[in-house]
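*Asks:* Fold the following and give me the result.
(6 chains)
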6 protein chains.
Amino acid sequence: MGIHTYFYSLNDLERIIRCPGRFKLQEHSVSAHSWKVVQYAKTLADIEESHGVTVDWKKLYEITSSHDYGEIFIGDIKTPVKHYSLELRAMLQQVEEGMVAHFIDEHIPEEFQAIFRRQLREGKDDSVEGRILEVADKMDQIYEAFAELQLGNTEKEFITMYRNALIKIKGIQLHCVDYFLQHILPDIVQEGSHSPVDFEKITNEALSS
Amino acid sequence: MGIHTYFYSLNDLERIIRCPGRFKLQEHSVSAHSWKVVQYAKTLADIEESHGVTVDWKKLYEITSSHDYGEIFIGDIKTPVKHYSLELRAMLQQVEEGMVAHFIDEHIPEEFQAIFRRQLREGKDDSVEGRILEVADKMDQIYEAFAELQLGNTEKEFITMYRNALIKIKGIQLHCVDYFLQHILPDIVQEGSHSPVDFEKITNEALSS
Amino acid sequence: MGIHTYFYSLNDLERIIRCPGRFKLQEHSVSAHSWKVVQYAKTLADIEESHGVTVDWKKLYEITSSHDYGEIFIGDIKTPVKHYSLELRAMLQQVEEGMVAHFIDEHIPEEFQAIFRRQLREGKDDSVEGRILEVADKMDQIYEAFAELQLGNTEKEFITMYRNALIKIKGIQLHCVDYFLQHILPDIVQEGSHSPVDFEKITNEALSS
Amino acid sequence: MGIHTYFYSLNDLERIIRCPGRFKLQEHSVSAHSWKVVQYAKTLADIEESHGVTVDWKKLYEITSSHDYGEIFIGDIKTPVKHYSLELRAMLQQVEEGMVAHFIDEHIPEEFQAIFRRQLREGKDDSVEGRILEVADKMDQIYEAFAELQLGNTEKEFITMYRNALIKIKGIQLHCVDYFLQHILPDIVQEGSHSPVDFEKITNEALSS
Amino acid sequence: MGIHTYFYSLNDLERIIRCPGRFKLQEHSVSAHSWKVVQYAKTLADIEESHGVTVDWKKLYEITSSHDYGEIFIGDIKTPVKHYSLELRAMLQQVEEGMVAHFIDEHIPEEFQAIFRRQLREGKDDSVEGRILEVADKMDQIYEAFAELQLGNTEKEFITMYRNALIKIKGIQLHCVDYFLQHILPDIVQEGSHSPVDFEKITNEALSS
Amino acid sequence: MGIHTYFYSLNDLERIIRCPGRFKLQEHSVSAHSWKVVQYAKTLADIEESHGVTVDWKKLYEITSSHDYGEIFIGDIKTPVKHYSLELRAMLQQVEEGMVAHFIDEHIPEEFQAIFRRQLREGKDDSVEGRILEVADKMDQIYEAFAELQLGNTEKEFITMYRNALIKIKGIQLHCVDYFLQHILPDIVQEGSHSPVDFEKITNEALSS
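*Replies:* Purely as a prediction, here's the structure:
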C-alpha cells in the first residue's frame, strides 16, 4: 500500500498522550499538540514578517505539521530519558530517523519519497523557520504546564516544564520572542495571578536565570 | 488581554468531539481533525505542484489550520442541522463569522486584526487552496467513517458519511483528486475487504452516483 | 420500524455532553441532566402542592422527562449561539421542532403520533408545570456550575452560568422558588464557603440585580 | 442541611456504572438508566391508558424516577449477589431501606419527610404503576444487552441478561407487555439480524421457556 | 475450561473501580490497588525481617496478591454497607466465599483445587503475614485519600477514609507500623502541607484518638 | 523524603498505558499488567512445585511485583524501538538502571538501599524464578492480544504480539510451560473459535515455527 498507509497512520498520534505517567487534569494527544504548534507558529511567523523578515511558508508548514510524526514509531519518550546523555539522545534520534526512513522506503511511492524525506526530517535547524518551530513547540509546553498548575495540579514536574521552556525560548533570537516576552507572557502571568502557584516569581526567576 | 487569549483558547477545541451523540469506537476532537486536515492538504498540494500547479503555501497554511476555529464559539453543530435549509445554514455561518469578528475586535491587538480576519475567514473558496481544503476536510470524514465501520460499528450514519464525502470529493477538479481516486481509495477499499461492511459496493455506488 | 426506534435513540443522549468545549472536572450527559431535572421538578411540585396549588402530574412528567429530547437532532448548541439573535433562536427552535415532527411522522405508529407530538413539544409555557420545568432546568445549571467552581475550576463561564441561572429563577413566580431562595440556596452558599470562589458575593449580586 | 443535600447527592449516581467488572462498549450510569426507565414507562403507561386503564401519573412519576436512588448508599451490587439467597436479598434490601430512612431523618426537613419516605420506597408492587416500572426496568436491560451484543461484545453475561429480562417481562400482565412483544421486540430482532449473535433464536427460546 | 478461566477473569478487576459513586480526580481499579498492596507489603515485610521476624513469603505472596479477587463476584461493595451490621457483613463474606468456592469447583482442575482454596481464602488473620496485609491494604486507602485531598477534592468521605485507615493501622502490633508512623507518615503530612486540607491536624487527631 | 516517595510514586504506573498509539478496546496500565503477572507467576510456581522443583518465593515475589517499576522513569517504550539494535537496547536498559539507581540513592534510606537494589534489578535471569517471570510476562501479552482480536480489533500488531509471545514461551524449559501448552492454550484457542481471527491457525504456526 501507498500514501493511504501514511494517511491512516496519523490516527495513531491521537492515542499517544504527552507526558505519560504524570497526573494531568487535561490530557493532550500528540495530534492536538501538533495542531497547536502549527497555530502558534503561524502567528509567530506573522510577527517576523511584520518586522520585514522573509518566511518560507512552505518549509514552515512542512516542519511544524510533521515535527512529531516520528513519535508514531517510538512513542512519547520521557524528557529525562531523552536528556540522559548526549550519546543516548543521538542514538534515539538515529532510531527515530531510521524508522521514518524505513517507513518511507516501504510505503511511499517512489515519486514522493524525496518529498516525504524532506518533510519528515528534523525541522529544528538554525533557519528562521526552524527557530520558529522551536519557540512554538516550547510555547505549548508553557501552556500545558500553565493550565495544570493554574487548576491546582501539584505535580512539581509542571513547574520544571514551565521554567525550562521559558528559559529555552528567551535564548532564541527572533522578533516574535521579544513579542512573546513583552506582550503574551505578562498576560499568562496575569491570568495565573489568583492560582495557588506564584507564576510571577517562577517567571522572573526563569527570565533572569 | 491580547494574543494570549487566542493561544489559550485553542485548548478548547481538544474538548469538542466531532459527530456528537453517535456511538464511536474512536472519538476525534476538532483539534486532532484539524491537524489531520493540515497533513492531508500538504500532500494534496504536493501532488498539485508535481503537475505544475502553483500553490500559495501561506494561504494554504492559514486556511487549513484555522478552518474549524469558529467551532470554539458555536460547537460542532450536527451536519443535518447545518443542511436543514439554505437560510439556516447562511444564518449559522453569519453567527459564526459574527462571533469570530467580535473575538478579534475584543482580543486581538489592532496591528494584527487584519491578519486574523484574513486567517479566520471561511477558506473553502474556488481557489486551488480552497479546493484542496475542501478535499482534505472530506477525506478526514472518509477516514473517520472507515475506521468505525471496519471495526464493526453498526451506526448507519457512518456509511452515509463515507458515501457523501466521497461524492463531494469526486466532484472537485484537482489533480490530487484523480490521484486519490486512483491510488488511495483502492487501498482503503482493499484494507476494508475483511470487514463486515462491503466497502467495494458502497464505494462503487458513490463513484457512479 | 416503530417505537423501537424512539426507545433505542434515547441512548444517544448519553453521548451528548453538556457545555461542550469548556474544561469540566465533572462531565454531564444530556441523559443525566434530564434525570436530575425530573427529580428536582418532583420536589418543586411537591412544594407547590403543599401550598394548595394543583399540579398536573401527567403533564409535568411528560415535559420534564422529554424537555431535551430534541438535542438528539441538533446537539447541545452553545448558549451564546442560541442567544445571538431572536431571529436565529427562533429559527433553531423551528429546525428542532421540524426534525422532531419529521421523526414522529417517519417512526411513530399513527395511533401514538398525537401523544408524541404533545410530549415532545416545547414544555416551558406559562402553566405551573411549564414554570416548574424552567426552574428545575436552571437549578441544574446552578448545581453544575457550583460543583465545578467549588472544586477549583477557573473557567469564568461557570460563574456566568451560576449567576444567570439564579437571576432567571428568582424572576419566576412560584412557591417553590421562594423555598429555593430561602432554604436551598443558603445551603449551597454555605457548602461553598471554603472554596476559592466567593459564592456569597456572587449570589448576593445576582439576587439584587 | 436540608433538601440541598438530596439534590446535590443526585450527582453521585452519574458515577455509579451499571454492570461493574464486565467489558462494555457503552457504559451506562445509574442516572442515565433511570432517565431511560422514566421515558419507557411514560410510553408504556400511554399504552395502558389507550386500553382504558387508569394510570396514577403522580405515583408512576415518583416510583420510576427514584427507583434506583438507594444505589447511592449501596452501589450497583452485582445481580448474582442479589439473587444468591432470599435471605441475603432481603437483608440487602433492608440495609438499603435503612440507609435511605436514615438519610431522610438526618437531611430532609420534617414537613417533607413523609413525602420522601413514600417516594423512595420500593416501587415494584402489584399496582399497574409498579408493574409498569418492572417492565421498564427490564426493558433497559434488554436494550443495554442488545447494544453490546450487536456491536460484537462477546461477554456471555449479556446474552443471559437479555434472556432473563425477556422472560421476566413476558410474565407480567399488562397491555403494554403485549404491545412490546408484538410490535417492539420484532423490531429489535430485525435490527440485530446482521450481528454476530442470533437474536431470533435467543428471543424465541426465551419466549417459549 | 480450567485455569484459563481464572487467568482470563483477572481482566475484570481492571474494570471494577474503587469507591464507586464518589467524585475522584484519580480513579483506581481493584487490579491497580492489588498491585500497590503487594508492593507495600513487600517493604513492610522487609522491615519485619530487619527486626528479626520470620516472614513466610509464600503465604504473604498468596494473600496479598489475591486479597480482593472475590470482588470479581460481588463488586466493590461500599464500606458503609459492609459495616452496616455484623450480621450483614458476615453474610456478605459468606456469599463471597461461597461464590469463590463454587468457581473453584467448577473451573479449577482437581489437582489444583486445594491450592486455590488456600490462596483465595480471607488472608487477614492474626499471623504476621495477615497483619502485614491489613496494614498494606489500609495504607493504600491513606494514599488514595491523600492524593484526592491534596489536589483539592472536597469530598468529605476522603477525610473519613484517611482518618479511619490511620486509626486501624496504629492499632496493629508490628515493627513496620512503628516505622510507618515514625518515618513515612511525617513525609505524607509534610508533602500535604501546602494543600487546602490540614493534614497535620487530621493526622494528630487520628493518632490520639 | 524516604520510602514515602517510593510508595507514592507507584501511582504513576496506573497512568502509563501499555502499547501506546495502537487502538485498543481494553486499555491496560502498567500497574494492572504487573498485578496480573504476579498472579500468573504464582500459579506457574505452584505447578513447578507440584513437580518437585524448589521455588524461592521471596525472590519470585520481588522480581514479579517490581519487574516494570523502571517504566516510571522511561515510560512504556515501544517494542520495535527496544529491539531496534542490541546496542540501543543495552543502552536503554543502562539508562533505566541508572535512573533506578539514582532514585534509590536519593530517596531510599541507607539501611534499605541494598534491599531496593536487589528488588529493582532486572529479574529475568536463568533461575527458575527468572524464567517464570519471563513466561508470566509473555502470558499477559497473549491475553492482552487475545482479548483485542477476539472482540474484532483489526490491528495487525496484536497478531504479531500473540505469535511472538507464544514463540518466546514455548522456548523456555519449565514444567509450567508444558502445562500451559497442553492445558491452558487449548482453552484460549477454543474460546476464540467464534471470533473473526483464526486462532487455531496462528497458534499452530507459532508452535511449529
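*Asks:* Confidence-wise, which helix or strand of chain A is lowest on average?
*Replies:* In chain A, no helix or strand scores lower on mean pLDDT, DSSP states H and E than helix A:79-82, which sits at a mean of 75.
*Asks:* Quick check: mean pLDDT of the helix or strand just after that helix?
*Replies:* Next in sequence after helix A:79-82, counting helices and strands by DSSP states H and E, comes helix A:86-107. Average pLDDT, helix A:86-107: 88.
*Asks:* Between helix A:86-107 and the helix or strand following helix A:86-107, find me the angle.
*Replies:* Going down the chain from helix A:86-107, the next helix or strand is helix A:110-119, by DSSP H and E. Counting by axes from the mean of the first three to the mean of the last three Cα atoms, to 10 degrees, helix A:110-119 lies at 160 degrees to helix A:86-107.
*Asks:* burial count for residue A:169?
*Replies:* 24 (other Cβ atoms under 10 Å in any protein chain shown). In short, each C-beta sits where N, CA and C put it, glycine included.
*Asks:* and the residue most central in space within chain A, what helix or strand is that in?
*Replies:* By Cα atoms, centre = their mean, the mean C-alpha position of chain A lies nearest to residue A:137, the distance being 2.4 Å. If you go by DSSP H and E, residue A:137 is part of helix A:128-150.
*Asks:* Which elements pack onto that helix?
*Replies:* Helix A:128-150 sits against helix A:30-50, helix A:57-66, helix A:156-170, helix A:175-179, helix A:185-191, helix B:3-9, with contacts defined as 3 or more Cβ pairs under 8 Å, 6 or more residues apart in numbering or on different chains; DSSP states H and E.
*Asks:* Just the closest residue of chain A to chain E, please.
*Replies:* residue A:152 (4.7 Å; Cβ to the nearest Cβ).
*Asks:* So that residue is in contact with residue E:152, correct?
*Replies:* Yes. Contact criterion Cβ atoms under 8 Å: residue A:152 and residue E:152 qualify, at 4.7 Å.
*Asks:* so how far is residue B:16 from the nearest residue to residue A:107 once chain neighbours are set aside?
*Replies:* In this structure, residue A:107 finds its nearest non-sequential neighbour in residue A:5, 4.3 Å apart by Cβ to Cβ, 6 or more residues apart in numbering or on different chains. Residue A:5 sits 29 Å away from residue B:16, going by Cβ to Cβ, to the nearest Å.
*Asks:* what does residue A:121 give?
*Replies:* In terms of Cβ to Cβ, residue A:121 sits 33 Å off from residue B:16.
*Asks:* Name the residue in these two with the higher neighbour count.
*Replies:* Taking neighbours as other Cβ under 10 Å, residue A:121 and residue B:16 compare with residue B:16 leading, 23 against 16.
*Asks:* Would you list the phi and psi of that one?
*Replies:* Backbone dihedrals for residue B:16, given as degrees, to the nearest 10, come out at phi -100, psi 120.
*Asks:* Now do the same contact list for it.
*Replies:* Residue B:16 makes contact with B:29, B:30, B:71, B:72, B:75, B:76, C:20, C:21, according to Cβ atoms under 8 Å, 6 or more residues apart in numbering or on different chains.
*Asks:* rerun at 10 Å
*Replies:* Contact analysis of residue B:16 by Cβ atoms under 10 Å, 6 or more residues apart in numbering or on different chains lists B:28-31, B:33, B:68, B:71-72, B:74-76, C:17, C:20-22, C:78.
*Asks:* Over to residue A:162?
*Replies:* A:141-146, A:148-149, A:188, A:192, A:197, A:199, A:202-203, A:206.
*Asks:* Which members of those residues are the farthest-apart pair?
*Replies:* A:148 and A:206 (16.7 Å; Cβ to Cβ).
*Asks:* who's more crowded, the two?
*Replies:* The neighbour count for residue A:148 versus residue A:206, taken as other Cβ under 10 Å, is higher for residue A:148 (24 against 20).
*Asks:* okay, the more buried one: pLDDT?
*Replies:* pLDDT for residue A:148: 96.
*Asks:* Tell me, how many residues neighbour residue A:120?
*Replies:* Using other Cβ under 10 Å: residue A:120 sits among 22 other residues.
*Asks:* Quick check: phi and psi on it?
*Replies:* phi -100, psi 10.
*Asks:* hang on, isn't it packed against residue A:102?
*Replies:* No. If you go by Cβ atoms under 10 Å, residue A:120 and residue A:102 don't touch, sitting 11.6 Å apart.
*Asks:* what's the overlap in contacts for those two?
*Replies:* Common neighbours of residue A:120 and residue A:102, using Cβ under 10 Å, 6+ apart, do not exist here.
*Asks:* how close does residue A:176 sit to residue A:49?
*Replies:* 10 Å.
*Asks:* Those two - which one has more neighbours?
*Replies:* In this view residue A:176 and residue A:49 are compared by other Cβ under 10 Å, and residue A:176 has more residues nearby, 28 against 17.
*Asks:* pLDDT at the more buried one, what is it?
*Replies:* On pLDDT, residue A:176 comes in at 98.
*Asks:* Could you do residue A:195 as well?
*Replies:* Predicted confidence (pLDDT) for residue A:195: 86.
*Asks:* Near the closest residue to it other than its chain neighbours, how many residues? Count them for me, please.
*Replies:* Ranked by Cβ to Cβ, 6+ apart and with sequence neighbours excluded, the top spatial neighbour of residue A:195 is residue A:150, at 4.3 Å. The number of residues packed near residue A:150 is 21, by other Cβ under 10 Å.
*Asks:* just residue A:106 next, same as before
*Replies:* 9.
*Asks:* which residues does residue A:29 form a beta bridge with?
*Replies:* residue A:17 (DSSP bridges).
*Asks:* Let me see the contact set for it.
*Replies:* Residue A:29 sits next to A:12-18, A:35, A:76, B:14, B:29, B:31-32, B:35 when contact means Cβ under 10 Å, 6+ apart.
*Asks:* I'd like the distance between residue A:68 and residue C:120.
*Replies:* 47 Å.
*Asks:* Same question for residue A:93.
*Replies:* From residue A:93 to residue C:120 the distance is 60 Å (Cβ to Cβ).
*Asks:* picking that back up, distance between the helix holding residue A:137 and the chain's centre?
*Replies:* Relative to its parent chain, helix A:128-150 has a centroid offset of 6 Å by Cα atoms, centre = their mean, to the nearest Å.
*Asks:* show me the contacts for residue A:94.
*Replies:* F:84, F:85, F:88.
*Asks:* Narrow those to those that are buried.
*Replies:* F:84, F:88 (16 or more other Cβ atoms under 10 Å in any protein chain shown).
*Asks:* how about the contacts of residue A:94 in a markdown table, adding distance to chain C?
*Replies:* Below are the contacts of residue A:94 laid out as a markdown table (distance: Cβ to the nearest Cβ, whole Å):
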| residue | distance to chain C |
| --- | --- |
| F:84 | 39 |
| F:85 | 43 |
| F:88 | 39 |
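*Asks:* re earlier: pretty sure the residue nearest to the centre of chain A sits against residue A:143.
*Replies:* No. Here residue A:137 does not reach residue A:143: they are 11.2 Å apart, not a contact under Cβ under 10 Å.
*Asks:* Please name the residues that touch the nearest residue to residue A:67 once chain neighbours are set aside.
*Replies:* Excluding the flanking residues, the one nearest residue A:67 by Cβ to Cβ, 6+ apart is residue A:123, at 5.3 Å. Shown in contact with residue A:123 (Cβ under 10 Å, 6+ apart): A:59-60, A:62-67, A:129-130, A:132-134, A:137.
*Asks:* So which residues on chain A come close to chain F?
*Replies:* A:9, A:11-17, A:19-24, A:27, A:30, A:71-78, A:80-82, A:84-85, A:87-88, A:91-92, A:94-96, A:98-99, A:155 (Cβ under 10 Å from any Cβ of the partner chain).
*Asks:* mind redoing it with 8 Å?
*Replies:* Within chain A, the positions lying close to chain F (Cβ under 8 Å from any Cβ of the partner chain) are A:11-13, A:15-17, A:20-23, A:71-78, A:80-81, A:84-85, A:87-88, A:91-92, A:95, A:98-99.
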